[in-house]
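**Student:** this is a predicted model, with the sequence first.
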Amino acid sequence: MATITESHLFTLQGGFRRVAGAVKRNIAGMDGRWLELTNAWDPIEGSEAQVTAESGNPRVLVDTVEPHRVESLDDDEAVYRELLRQYGDSARERGGWVNVRGRIMHEVRSTIHLESDRRRFFLNEIVVGQSTFVSPERWAAAARPDETLEPGTPIALGFDGSKKRDATSLVASRLSDRRLYMIRTWERPADAGDEWRIPTAEVDAVVRDVFAAYRVAVMLADPFRWQDYLDLWAAEFPGRVLEFPTNQEIRMDAALERFSTALANGDVTHDDDPTLGRHIRNAVLVKGGRRKSRPGEDETLATHYLKLAKRGPSMWIDAAVAAVLAHAAGSHAIEHGLADQGGAAPWAVFV
């Protein structure tokens, strides 16, 4: 008899599915039995838990409490009722040892972890490992459409670009109050043919016009497919154009956390631009590569960096990425005393 625990973590990545398969084959060779204990799995990871549960093998007994979907994790009573269903006799209220109303409710509410992970680990829901980037209600509450961005205003910029398939976007963050302003977004038309390209000359002109019209302290830009233009802009605006590869998960995870925290605290507002709002709603948080847990984090929950992804095909998120970069650029400018200088940011400073 062998016990395999946490088999939702046994995915093909890292070879753990192969390890589980070898263990089960060896047990079969000895006419033995195995017991597999798991939380709900992420259906896109192809874990051993999912394979076992969906195998249809008549020799495998699957014992679980089928979840009742809780529509909102902010509904404390609905969450509490479902937690009592899931924990059953192990809940303190029923003579057990689990503090459902205390620690477990706290963990379900905690926004440190993906909503999908909280649903999987505590409510037994099998959901894809993604979570809403910004709730529509929170984004609407941060709208301040009554004030324009005046020429000469100190700002920071975020730039995320494509050449063909996705959109290209330039977003500003006003340094005085961290308000976001959409500068321009170029989207691929729905009826565009394969020959269509982002008008790079127009993008170049807009970037130069913005540097001329405002006091740009720093611009963070993803260099993917735009390296030549970044080199030109860096030469023309020395020290004020910094590369920020969004595929570097440590940096992007930190930028996303900073943006989300500031928005939740009311420290970020925006101009209510419809394109920016649409891109924000199109974006979801998904798991990136594995990372070490931070101090105080549950190692079974906080094991991945976070990154932005599209909610669905042809749903652009480039303006959302540019907004995150603009906010990070503004933080960089303020932290390094560049808010009133309109530039002169040393390349080696940003990490």
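**Tutor:** Nice, I can see it. Residues are numbered from 1 along each chain as shown.
**Student:** so which elements touch the helix ranked longest in the chain?
**Tutor:** The residue-count maximum for a helix in the chain (DSSP state H) belongs to helix 318-335. Packing partners of helix 318-335 (3 or more C-beta pairs under 8 Å, 6 or more residues apart in numbering; DSSP states H and E): strand 154-160, strand 168-174, strand 179-186, strand 215-221, helix 249-264, helix 274-282, strand 304-310. Just so you know, the C-beta spots here come from the backbone N, C-alpha and C atoms, and that holds for glycine as well.
**Student:** what's the fourth one packed up against?
**Tutor:** Pointing back at strand 215-221 there. For strand 215-221, where contacts count as 3+ C-beta pairs under 8 Å, 6+ apart, the packed elements are strand 154-160, helix 227-236, strand 241-243, helix 318-335.
**Student:** which of these is buried the deepest?
**Tutor:** strand 154-160 (a mean of 28; mean count of other C-beta atoms under 10 Å).
**Student:** low pLDDT regions in this structure?
**Tutor:** 13-14, 293-303, 313, 340-351 (pLDDT under 70).
**Student:** quick one, domains of it?
**Tutor:** Segmentation of the chain into domains, based on automatic domain parsing, reads 2-53, 76-126, 136-349.
**Student:** could you dump the ones you listed into CSV with distance to residue 65 added?
**Tutor:** As requested, these are arranged in CSV below (distance: least, C-beta to C-beta, whole Å):
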stretch, distance to residue 65
domain 2-53, 10
domain 76-126, 5
domain 136-349, 19
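**Student:** how about the contacts made by residue 243?
**Tutor:** When contacts are counted by C-beta atoms under 8 Å, 6 or more residues apart in numbering, residue 243 touches 220-223, 230.
**Student:** closest one of the residues you listed to residue 62?
**Tutor:** Nearest to residue 62, judged by C-beta to C-beta, of those is residue 222 at 44.6 Å.
**Student:** confirm for me that that closest one is in contact with residue 251.
**Tutor:** No. The pair residue 222 / residue 251 is not scored as a contact, 10.7 Å apart, by C-beta atoms under 8 Å.
**Student:** the more surrounded of these two?
**Tutor:** residue 222 (23 against 17; other C-beta atoms under 10 Å).
**Student:** mind checking how far the residue nearest to residue 217 when sequence neighbours are not counted is from residue 176?
**Tutor:** Nearest non-adjacent residue to residue 217, counting by C-beta to C-beta, 6 or more residues apart in numbering: residue 333, 3.8 Å away. The gap separating residue 333 from residue 176 is 11 Å, by C-beta to C-beta, to the nearest Å.
**Student:** quickly list what's touching both of these two.
**Tutor:** In contact with both residue 333 and residue 176: residue 339, using C-beta under 8 Å, 6+ apart.
**Student:** JSON lines for the helices and strands packed on strand 215-221, including distance to residue 46?
**Tutor:** Below are those laid out as JSON lines (distance: least, C-beta to C-beta, whole Å):
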{"stretch": "strand 154-160", "distance to residue 46": "30"}
{"stretch": "helix 227-236", "distance to residue 46": "35"}
{"stretch": "strand 241-243", "distance to residue 46": "35"}
{"stretch": "helix 318-335", "distance to residue 46": "28"}
